[in-house]
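K.L.:
prediction below, plus the sequence it came from.
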Amino acid sequence: MSRIHLSDMSDYDDQSNAHFSNSLGDYEEYEAEFDPLRHDRKARRRRNPKPKHTPKKQAHQVIEEIADTDGLEAGFVTTYTPGLFEEGWLLESLRTFYDQALISDVLARVKGGKEANVYRCKAHPTAGSDLFAAKVYRPRMFRNLRNDKMYREGRAMLNAAGHEIKKNEHRLMRAIGKKTSFGQEVAHTSWLMYEYVTLEKLHQAGADVPKPIVANENAILMSYCGDEHTAAPTLSEIQLDYDEALPIFNRVLRNLEIMVKHDVIHGDLSAYNILYWEGSITFIDFPQVVNGQNPNARFIFNRDVARVCEYFAKCGIERDPVQLANRLWQRHFAKRPADEMADLSRFEDEQAEAE
């Protein structure tokens, strides 16, 4: 009988392991060659399924999220009861004014529009006024901004502080150019800030406009025209007789003169954007304002003057809008102060004669 020594067994194990390793290597090559994951797309999909699709939110879900104001209204309880769709963005937009001790309550909505709503607010006892008007822009999904391309020509973008966005601010300019979500918000803020800085300029110049108090990225707080029960109506809502209309028309011309002198063209002026209260007027709604650098400035200005003359013609005040617009426009571009004074004198003489 032959004996097998342990050393021989060791050699046998080594040979067996080597043979097994070689076989395993061959098997791995075959496995890799015929692995279905290399050739079968469906198999790969089963192994690595796509992330579960998240369905798009329904409109009512989005509205409920926007209207979710938990914690937001703490300490800021309003007399006015906003609708479900406006509650969230209204309180959020006005919260900074409340925190700054400028307003203490929202009393009523006095004007609704496609772009913004205007609210009558109770001023804080330390604010130095009884009432303020708050113009609150709608969220982008709820607002319908006009086609503003014509108005944006020739004017720079403004940031939330009312300062011009410089061309070397590449991130902002790229977002605006590509019209990304962020870029659209920047454009929206610029649209709002043009109204605010224009109100500041014209109010300091003595024009009949609301006094701007403060602004944030979605709302402007300004002086209020009306009383605690009624907001001032627009000229379009009332009918003036000739004796009432004539001094109002002259006041409108004075404001147009101030605006042109300060290189401001309203852009959407009509009886719908002039408030009337106790014999006085107030020009409102300036986000689309343009200056003389806009290539459409002359057309826009002529249209503003024509709309004003159209309203007052119904009151018996007939004026040629083309001649009136030409006279105001030429005065703005007068070369010498003496020419400007002479032109102003002639204009005032013509007004006095007409009266």
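P.N.:
Nice, thanks for sending it over.
K.L.:
partners of the nearest residue to Lys111 once chain neighbours are set aside in the sheet?
P.N.:
Using Cβ to Cβ, 6 or more residues apart in numbering and skipping residues adjacent in sequence, the residue nearest Lys111 is Val118, 4.0 Å away. Heads up, the C-betas are built off the backbone N, CA and C, glycines and all. Beta bridges link Val118 to Lys111, Lys135, judged by DSSP bridges.
K.L.:
if I pick Val118, what's in contact with it?
P.N.:
Arg109, Val110, Lys111, Gly112, Ala133, Ala134, Lys135, Val136, Ala231 (Cβ atoms under 8 Å, 6 or more residues apart in numbering).
K.L.:
and these, which two are furthest apart?
P.N.:
Spatially, the most separated pair among these is Val136 and Ala231, at 14.8 Å (Cβ to Cβ).
K.L.:
can you select the buried ones from the contacts of Val118 in ChimeraX?
P.N.:
Here is the ChimeraX selection string for the buried members of the contacts of Val118, based on 16 or more other Cβ atoms under 10 Å:
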select :109,110,111,133,134,135,136,231
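K.L.:
got a markdown table for the contacts of Val118, with pLDDT and distance to Gln323 too?
P.N.:
Rendered in a markdown table, the data for the contacts of Val118 read as follows (pLDDT from 0 to 100; distance: Cβ to Cβ, whole Å):
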| residue | pLDDT | distance to Gln323 |
| --- | --- | --- |
| Arg109 | 96 | 41 |
| Val110 | 96 | 37 |
| Lys111 | 93 | 34 |
| Gly112 | 87 | 37 |
| Ala133 | 98 | 36 |
| Ala134 | 98 | 40 |
| Lys135 | 97 | 35 |
| Val136 | 95 | 40 |
| Ala231 | 97 | 35 |
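K.L.:
including distance to Met173, could the contacts of Val118 go into CSV?
P.N.:
CSV is the format used below for the contacts of Val118 (distance: Cβ to Cβ, whole Å):
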residue, distance to Met173
Arg109, 36
Val110, 37
Lys111, 34
Gly112, 34
Ala133, 33
Ala134, 31
Lys135, 27
Val136, 28
Ala231, 39
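K.L.:
tell me the pLDDT at the residue nearest to Lys111?
P.N.:
On the pLDDT scale, Val118 is placed at 97.
K.L.:
again, but for Ala160
P.N.:
Ala160 is assigned 75 on the pLDDT scale.
K.L.:
so it touches Met193, yeah?
P.N.:
Yes - between Ala160 and Met193 there is a contact under Cβ atoms under 8 Å: 6.9 Å.
K.L.:
what sits in contact with each of these two?
P.N.:
By Cβ under 8 Å, 6+ apart, Ala160 and Met193 have no common neighbours.
K.L.:
so for these two, which residue has more residues nearby?
P.N.:
Taking neighbours as other Cβ atoms under 10 Å, Ala160 and Met193 compare with Met193 leading, 21 against 15.
K.L.:
which pLDDT value goes with that one?
P.N.:
At Met193, pLDDT is 90.
K.L.:
just the strands in the stretch 201-350 of the chain please.
P.N.:
212-215, 219-223, 274-277, 280-283 (DSSP state E, counting those that start in this stretch).
K.L.:
nearest to Gln323, of the ones you listed?
P.N.:
strand 274-277 (21.3 Å).
K.L.:
contacts for the helix or strand harbouring Ser104?
P.N.:
Taking DSSP states H and E as the criterion, Ser104 maps to strand 103-111. Residues from elsewhere that reach strand 103-111, judged by Cβ under 8 Å, 6+ apart: 77-80, 82, 90, 94, 97-98, 117-125, 127, 131-134, 221, 226, 228, 231.
K.L.:
need the CA coordinates for that strand. PDB is fine.
P.N.:
The C-alpha trace of strand 103-111 is given here as PDB (Å, rounded to 0.1, in the frame of the first residue of the first chain):
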ATOM      1  CA  ILE A 103     -47.900 100.200   8.400                       C
ATOM      2  CA  SER A 104     -50.000  98.400  11.000                       C
ATOM      3  CA  ASP A 105     -53.000  97.100   8.900                       C
ATOM      4  CA  VAL A 106     -54.300  96.500   5.400                       C
ATOM      5  CA  LEU A 107     -57.800  98.000   5.300                       C
ATOM      6  CA  ALA A 108     -59.000  97.400   1.700                       C
ATOM      7  CA  ARG A 109     -58.000  96.700  -1.900                       C
ATOM      8  CA  VAL A 110     -58.700  99.900  -3.800                       C
ATOM      9  CA  LYS A 111     -57.500  99.000  -7.300                       C
END
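K.L.:
between that strand and strand 219-223, how big is the angle?
P.N.:
Angle of strand 103-111 versus strand 219-223, following axes from the mean of the first three to the mean of the last three Cα atoms, to 10 degrees, is 90 degrees.
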